[in-house]
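how would this look folded up:
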Amino acid sequence: MTPGNTITVRPARRISGVVRVPGDKSISHRALILAALAEGRSEIVNLAPGDDCRATLDCLRRLGVGVSSAASPDDGNTLRWQIDGVGLSGLRPASDGLDAQNSGTTARLLMGVLAASGFSTRICGDNSLQRRPMRRVVEPLALMGAHIATTEGLLPAVVTGSPLHGIDYALPIPSAQVKSAILLAGLSASGVTIVREPIATRDHTERSLGAFGVEVEVGPGMVAVAGGQRLSAARISVPGDPSSAAFWAAAAAALPGSSIEIRDVGLNPTRIGFLRVLQRFGATVVTRESPEADVEARGTIRVSHRALGDVVVEPSEVPGLIDELPALAALATHGGRFTVTGAAELRVKESDRIAALARGLRLMGADIEEAPDGFRIEGAARLRGGAVDAGGDHRLAMAFAIAALGATGPTTITGADAISVSYPDFFDVLESMCA
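Predicted coordinates for the structure are as follows:
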């Protein structure tokens, strides 16, 4: 089925099959940006196909970076992207500014890149992105000497490049995007830039910097980079996105008789906390790492259904699960009890995911209690289905679809086209795996 703004998902007895998910969105953004700052031509294979990475590609083109693509000689359905890097000081002013569309990663990481550019750049986004907080990035960059004017802490923002110096900064809120923006600015700063994390976040930036020839110091709770290092062109093969895989894993864990295999998916330890939660729910989870893994671990995940139990997610776990919590919430509607605290960050994603998730699941018949920093789901009663609104949020559209598989009747999801942000083929794959 081809998703439009509205799509109907019907109950399923089970889900099974072998699937490959799109390239990891987080890694794709970082690979594109670092390739642009490198010297020479880089190649990126299996780039995430969604709108968010297209936004980054468009912004880089506007900044004078050469971007082209061609079909892979090994697989005609896979594109190989070639990025002609301009070096740390080679970006050109974008006369009409940059539009990050719905991508917070694009906006925040490019703030770090442009902070030392020597020219002014206006960054805007769509209505959803213009409601997301930017002060968390602006404040540490200002400590480095950056000049960034925001609209009351929101986009649009104007970044006026200026000389930067390294800082030693402790993140007040765990955020891989903020950490990455600081490290990217640190590449052009004098001295050493250190970021300290109270709770570990995804480490794709540290790994990707190394792939482009940058020396990075990583220690317990910290990462550091010295300014002035040259980036060398690289070839990056992007593994499948664990956050997308989480929805298929949740579906297999939810429905009796279900079993799925997800191939060539990223197995970075900072991204697969959801697998441990699935095991606590009672699912059978088996991973096998590929011996061909290089910068990022990758391999196969197999998930099979078993009876669902009760799970509590503590605040210390949330940074490693933040994008997978909607999938786990969908699983909880099929049985068991699920309690999440310390996840207030969900309220400043593409939507207020706590409020929108609670509202949608409640309309489907779920027993869900909303809290300021999380939620609790009692999955004892089967959902009835109904009409829900994804609110322009791709992860909520997918979460409602997985929850709908266990309902007694069909569920109509408005705003289903939001999946184009990360997983354009999601509903077609769902239809192919349902029985």
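
C-alpha from now on. contacts and neighbour counts both.
OK.

quick one: average pLDDT of the helix or strand harbouring Gly360?
For Gly360, the element it lies in under DSSP states H and E is helix 353-363. Averaged over helix 353-363, pLDDT sits at 98.

so where does Leu331 fall, helix or strand?
Going by DSSP H and E, Leu331 is part of helix 325-332.

Which elements pack onto that helix?
Counting contacts by 3 or more Cα pairs under 8 Å, 6 or more residues apart in numbering; DSSP states H and E, helix 325-332 packs against helix 242-254, strand 374-378, helix 394-404.

what does the last one rub up against?
For helix 394-404, contacts defined as Cα atoms under 8 Å, 6 or more residues apart in numbering pick out 9-11, 247, 250-251, 323, 326-327, 329-331, 333-334, 353, 356-357, 360-361, 364, 383, 385, 388-390, 410-411, 413, 415-422, 426.

Paired strands for the helix or strand hosting Glu369, with orientation please.
Element membership for Glu369 (DSSP H and E) is strand 367-371. Partners of strand 367-371 in the sheet, by DSSP bridges, are strand 374-378 (antiparallel).

now the strand it pairs with and helix 325-332, what's the angle there?
Counting by axes from the mean of the first three to the mean of the last three Cα atoms, to 10 degrees, strand 374-378 points 20 degrees away from the direction of helix 325-332.

Check which residues of strand 374-378 are buried.
Neighbour counts over strand 374-378 (16 or more other Cα atoms under 10 Å) mark Gly374, Phe375, Arg376, Ile377, Glu378 as buried.

which secondary structure elements does whatever helix or strand comes next after it contact?
As assigned by DSSP H and E, the chain's next helix or strand after strand 374-378 is strand 386-389. Helices and strands touching strand 386-389, by 3+ Cα pairs under 8 Å, 6+ apart, are helix 353-363, strand 411-414.

which residues touch the first one?
Spelled out, that is helix 353-363. The contact list for helix 353-363, computed with Cα under 8 Å, 6+ apart, reads 326, 346-347, 368-370, 373-375, 385-391, 396, 400, 403.

do that again at 6 Å, thanks
Helix 353-363 is contacted from outside by Leu346, Arg347, Val388, using Cα atoms under 6 Å, 6 or more residues apart in numbering.

By neighbours, which of the residues you listed wins?
In terms of neighbour count, Val388 stands highest of the contacts of helix 353-363 at 24 neighbours, by other Cα atoms under 10 Å.

OK, contacts around that one?
If you count contacts by Cα under 6 Å, 6+ apart, then Val388 has Gly360, Ile413 around it.

Quick check: the gap between it and His334.
17 Å (Cα to Cα, to the nearest Å).

Then Asp241?
For Asp241, the distance to His334 equals 24 Å [Cα to Cα].

just Gly360 next, same as before
Gly360 is 15 Å from His334, where distance means Cα to Cα.

quick one on the thing from earlier: can you say which of the helices and strands packed on helix 325-332 is nearest to Glu314?
Closest to Glu314 of the helices and strands packed on helix 325-332 is strand 374-378 (Cα to Cα; 10.2 Å).

what's the model's confidence in the closest one, averaged?
98.

Same question for stretch 71-79.
Mean pLDDT, stretch 71-79: 68.

What of stretch 300-310?
Rounded mean pLDDT across stretch 300-310 is 96.

which of the residues in it are buried?
By 16+ other Cα under 10 Å, the buried positions in stretch 300-310 come out as Thr300, Ile301, Arg302, Val303, Ser304, His305, Arg306, Leu308, Gly309, Asp310.

Same check on stretch 79-98?
For stretch 79-98, using 16+ other Cα under 10 Å, the buried residues are 79-88, 90-94, 97-98.

Any idea what the closest residue in space to Ser237 that isn't next to it in sequence is bridged to?
The shortest distance from Ser237 to any non-neighbouring residue, by Cα to Cα, 6 or more residues apart in numbering, is to Val45 (4.8 Å). Bridge pairing for Val45 (DSSP bridges) gives the partners Arg80, Ser237.

Kindly report the same for Glu261.
Counting by DSSP bridges, Glu261 forms beta bridges with Val18, Arg302.

And for it, the neighbour number?
Glu261, neighbours per other Cα under 10 Å, totals 21.

What pLDDT does the model give it?
You'll see Glu261 listed with a pLDDT of 98.

picking up where we left off before, between Gly360 and His334, which is the more surrounded one?
Between Gly360 and His334, counting by other Cα under 10 Å, His334 is the more crowded of the two (28 against 23).
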